[in-house]
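# need the 3D shape of this:
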Amino acid sequence: MSYKFKTLSTLFSLTLFFLILHGMGYQHEIKYTLELDISNSNVNRVNQREYNPEQCRHNPSCNKLAEAIVYEARGESLFGQYAVGSVIINRAKDKSKRWPNTIYGVIHQGNGSQFEYIRNMHLQKTPTKEDWKTARMVAYDLLNEFVPLVTDANHYLNPRVLEHVPNWTRVYPKVASIGNHDFHKWN
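Next up is the predicted model:
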């Protein structure tokens, strides 16, 4: 399947792989190609509104989501960044009360123990202006529903950087692998 989306600055062509679980653990690999034409300033989004990075920077929820995206996923594809942001929003919108109902609350739940960048902020490299611009665009798009949530997952991790993979990865079904992250859903 090939999808074309228009968003903000240059032309990207990304190949994305999803692992979708079907039935009794049978896995299919489905390949998507997503082309993002961000070469002009006329952004074709759901409701055709212009994006201004200041709109996110001055909105506490948007800026906090952008912070998580920039530190947790800036090395990922644009789609991978949307996926990480989607997980945080899915938690905030969860009706079961497992997580706080705000972006800030989700990110700082358990003194931030849910997110590596909070626990180890002192080890983080300083994001570039371009990193921040992209993360704010992604956060703004997701929070304003210009781009739909790209996964229904409520957990993600990068298993390649962990000494020990958490037990929940064996319990919560994996719903996707995007870039370096695996996405799981606790029903």
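# the residue nearest the centre of the chain: which element?
The centroid of the chain falls nearest to residue 84 when counting by CA atoms, centre = their mean (2.1 Å). According to DSSP states H and E, residue 84 maps onto helix 78-93.
# just the CA trace of that helix, in PDB.
What follows is helix 78-93, C-alpha atoms only, in PDB (Å, rounded to 0.1, in the frame of the first residue of the first chain):
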ATOM      1  CA  LEU A  78       8.700  10.700  11.200                       C
ATOM      2  CA  PHE A  79       6.200   7.900  11.300                       C
ATOM      3  CA  GLY A  80       8.100   6.400  14.300                       C
ATOM      4  CA  GLN A  81       7.800   9.700  16.100                       C
ATOM      5  CA  TYR A  82       4.100   9.800  15.400                       C
ATOM      6  CA  ALA A  83       3.900   6.300  16.800                       C
ATOM      7  CA  VAL A  84       5.700   7.200  20.100                       C
ATOM      8  CA  GLY A  85       3.500  10.300  20.500                       C
ATOM      9  CA  SER A  86       0.400   8.100  19.800                       C
ATOM     10  CA  VAL A  87       1.300   5.800  22.800                       C
ATOM     11  CA  ILE A  88       1.400   8.800  25.200                       C
ATOM     12  CA  ILE A  89      -1.900  10.100  23.900                       C
ATOM     13  CA  ASN A  90      -3.500   6.600  24.100                       C
ATOM     14  CA  ARG A  91      -2.500   6.500  27.800                       C
ATOM     15  CA  ALA A  92      -3.900   9.900  28.500                       C
ATOM     16  CA  LYS A  93      -7.200   9.000  26.800                       C
END
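# now the helix or strand that it is followed by, how far from the chain's geometric center?
Note on helix 78-93: by DSSP H and E, the next helix or strand toward the C-terminus is helix 103-112. Here the centre of helix 103-112 is set off from its chain's centre by 16 Å, with CA atoms, centre = their mean, to the nearest Å.
# check stretch 173-187 too.
On CA atoms, centre = their mean, the centre of stretch 173-187 falls 11 Å from that of its chain.
# what comes up buried for it?
174, 175, 176, 177, 178, 179, 180, 181, 182, 183, 184, 185 (16 or more other CB atoms under 10 Å). All C-beta atoms are positioned from the backbone trio N, CA, C, and that covers glycine.
# and the third one, which of the three is it?
In other words, residue 176. strand (DSSP: H, G, I helix; E, B strand; the rest coil).
# list the contacts of stretch 124-132.
By CB atoms under 8 Å, 6 or more residues apart in numbering, the residues outside stretch 124-132 that reach it are 53, 66, 70, 71, 74, 117, 135.
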